[in-house]
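1. predicted structure and sequence below. I'll ask about it afterward.
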Amino acid sequence: MVLDFLKYYWRAKTTHQVHSEFVFNFLQNVIDNPSHSQPLKLIEEKRQKFLKSNEKIEVVDFGAGSKGPSSTKKSIRNIAQYAVSPPFQCLWLYHLVRAQKINRVLELGTSLGITAAYLAQGNPHVQVTTIEGDPNISKKAIELFDQLHLNIDARSGQFNDVITDLVKSSITYDLIYIDGHHAKIPTLEYTQRLLPLLNPEGVIIYDDIYWSEGMKEAWQELKQKFVGALMMDFYFWGIVFPDKKDIVPNDYTLIPKKWKPLQLGLWQ
Ligand SMILES: C[S@@+](CC[C@H](N)C(=O)[O-])C[C@H]1O[C@@H](n2cnc3c(N)ncnc32)[C@H](O)[C@@H]1O
């Protein structure tokens, strides 16, 4: 993974080196946007509480998607440390919802609810649906949403089962964020099932595209599948705008400008 990151880092371009107006604006407004707000501080306080909690809960091991040791009992601290996205990524989600005027989000993988909470703060109208397979973890997330007074549709169940229900309801989404079950075949299958639920101009985010050989292969297969679509590799995320086919080149490797401060685009 270190080698993958180094290769990514070498390839990655910052906002100074992209010519597409859409990609430039995306970097500026979403990835390089440093602004915070008071509600986000409250979410981070809750994260700190989780990180200090020794409470243990019985959990189901889904096999892929959590970076910690696999056991049936886990402390909340362990889940918060290994399974929850770091603040910088949560902030990307928040700014994405703001910048892209996203009104409906579907998240696969709630965990303790931190990313769902960020998504829900993105704009006053956004409606977030999030799915978690582990009933005890889901309970913790629902408690968090109640404490933060967030009206989030938290579904407890296997991704495939809940997707079946969502397909029947025929609600569609502007953002689909896949942050669980990080394995090749499930990732490709979820994509296939979820595509009809994505609005035109919508965006799909795949978390951890370098997590395993299978996930790396999945990202390459997605490139074949979404031929001509705008694809962005941020190492921690792969982002696809399936209907954005007017941008040439369409396949980007990108990085926040503060992570590559010497890349000013003077020698490209
Ligand atoms: C990486 S965590 C999500 C983290 C969360 N989005 C955050 O950053 O705050 C992935 C979650 O997906 C759940 N999960 C994995 N596979 C699943 C499946 N097939 N069905 C339902 N839930 C699943 C796991 O229990 C885990 O809590």
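-> Good, I have the coordinates. Everything numeric in this text was worked out from a predicted model, so none of it was measured. Numbering: from 1, shown residues only.

2. which non-adjacent residue is nearest whatever residue of the stretch 1-150 of the chain ends up closest to the ligand?
-> Residue nearest to the ligand within the stretch 1-150 of the chain (C-beta to the nearest ligand atom): Gly133, separated by 2.6 Å. C-beta: built from backbone N, CA, C; applies to glycine. Leaving aside its sequence neighbours, Gly133 sits nearest to Gln158 (C-beta to C-beta, 6 or more residues apart in numbering; 5.2 Å).

3. now Leu195
-> Pro242 (7.2 Å).

4. and Lys257, by the same measure?
-> Thr14 (4.1 Å).

5. and what of Tyr94?
-> Tyr118 (4.5 Å).

6. could you export the helix or strand harbouring that neighbour as CSV, CA atoms only?
-> Here Tyr118 sits within helix 114-121, counting by DSSP states H and E. Presented in CSV, the C-alpha positions along helix 114-121 are these (Å, rounded to 0.1, in the frame of the first residue of the first chain):
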residue,chain,number,x,y,z
ILE,A,114,-19.8,10.2,11.5
THR,A,115,-19.8,10.5,7.7
ALA,A,116,-23.6,10.5,7.5
ALA,A,117,-23.6,13.3,10.0
TYR,A,118,-21.2,15.4,7.9
LEU,A,119,-23.3,14.6,4.7
ALA,A,120,-26.4,15.8,6.5
GLN,A,121,-24.9,19.1,7.4
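
7. where do the strands of the stretch 1-150 of the chain begin and end?
-> 56-58, 73-75, 104-108, 127-132 (DSSP state E, counting those that start in this stretch).

8. can you list those in CSV and add distance to Glu201?
-> Output for the strands of the stretch 1-150 of the chain, formatted as CSV (distance: least, C-beta to C-beta, whole Å):
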stretch, distance to Glu201
strand 56-58, 39
strand 73-75, 39
strand 104-108, 12
strand 127-132, 17
